[in-house]
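K.L.:
Just the structure for this:
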Amino acid sequence: MPTRRAPPAPAPAGTARPRAARPDAGQPESLDACRRCDLWRHATQAVPGSGRARAPLMLVGEQPGNQEDLDGRPFVGQAGRLLDEAFGQAGVARDSVYLTNAVKHFKFELRGKRRLHKTPGQLEIEACGYWLDKELARVKPRVVLALGATALKAVLHRKSAGLAKVLGQPVEHEGRIVIATWHPSYVLRMPDEAGRRKAFGQIVEALRLAARIARDGRA
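P.N.:
Below is the predicted model of the structure:
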């Protein structure tokens, strides 16, 4: 597990920050040493992927949340608990897959003492693509389940991706199958119970389909 450090205070209002590193700038030796963008400055630590070393199925989320930032592991917060429910309903063991995020540092804004999620920008997604590509090359999954639009953009190397248009549909990309579904945090944000049930059901179905293709080797 990466070495933890206390979250530093954000820069005072009006303080100029150094420009983010170009996505092709340098090749850091470790994730903790990464300075390819500015997100490391205020996060507690980088959060690497975890799971089965050569898993046939990889799940990619957006970024660590507050709890993941403190713990150093992906999907251990509220969204992770909902994902565990989806694993159970889909009949997929969590330890049979590899879990990671498109962006490895927690991006947030302060509201009082609370650190609230802030969506990563395109430069941050591209900068962290260096690490995601290394994970894909190392794990060699047959299937990637992209949780949310940010993950889908990162996996497909696109600046935009219409999640709703490809929801739950297998797409071949660079020798593997990519399936997109909602991020569990999307379900948690929905205001009505019917909408939450529908979105959660779509995650379960996408996970079940991804696991079947990963097992059988065909769509």
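K.L.:
Report the buried residues of the longest helix anywhere in the chain.
P.N.:
Scanning the chain for the longest helix, with DSSP state H as the assignment, gives helix 193-216. Judged by neighbour count using 16 or more other Cβ atoms under 10 Å, the buried positions of helix 193-216 are 196, 199-200, 202-207, 209-214. Just so you know, the C-beta spots here come from the backbone N, C-alpha and C atoms, and that holds for glycine as well.
K.L.:
So which elements touch that helix?
P.N.:
When contacts are defined as 3 or more Cβ pairs under 8 Å, 6 or more residues apart in numbering; DSSP states H and E, helix 193-216 sits against strand 57-61, helix 78-90, strand 143-147, strand 176-181, helix 184-189.
K.L.:
I'd like the average pLDDT over that helix.
P.N.:
The predicted model gives helix 193-216 an average pLDDT of 97.
K.L.:
same check, this time on stretch 41-61
P.N.:
96.
K.L.:
and residue 112, how many neighbours?
P.N.:
Close neighbours of residue 112, defined as other Cβ atoms under 10 Å, add up to 6.
K.L.:
again with residue 71
P.N.:
As a burial measure, residue 71 scores 18 neighbours (other Cβ under 10 Å).
K.L.:
what does the one 5 residues further on give?
P.N.:
For residue 76, the neighbour count with other Cβ under 10 Å is 19.
K.L.:
Can you list the low-confidence ranges for this structure?
P.N.:
Using pLDDT under 70 as the threshold, the predicted model of the chain has low-confidence ranges 1-26, 219.
K.L.:
could you redo the last one with a cut-off of 80?
P.N.:
Confidence mapping of the chain against pLDDT under 80 gives the ranges 1-29, 217-219.
K.L.:
Look up how far residue 60 lies from residue 175.
P.N.:
Residue 175 sits 16 Å away from residue 60, going by Cβ to Cβ, to the nearest Å.
K.L.:
Show me which of those two is the more surrounded one.
P.N.:
When residue 175 and residue 60 are compared on other Cβ under 10 Å, the one with more neighbours turns out to be residue 60, at 28 against 7.
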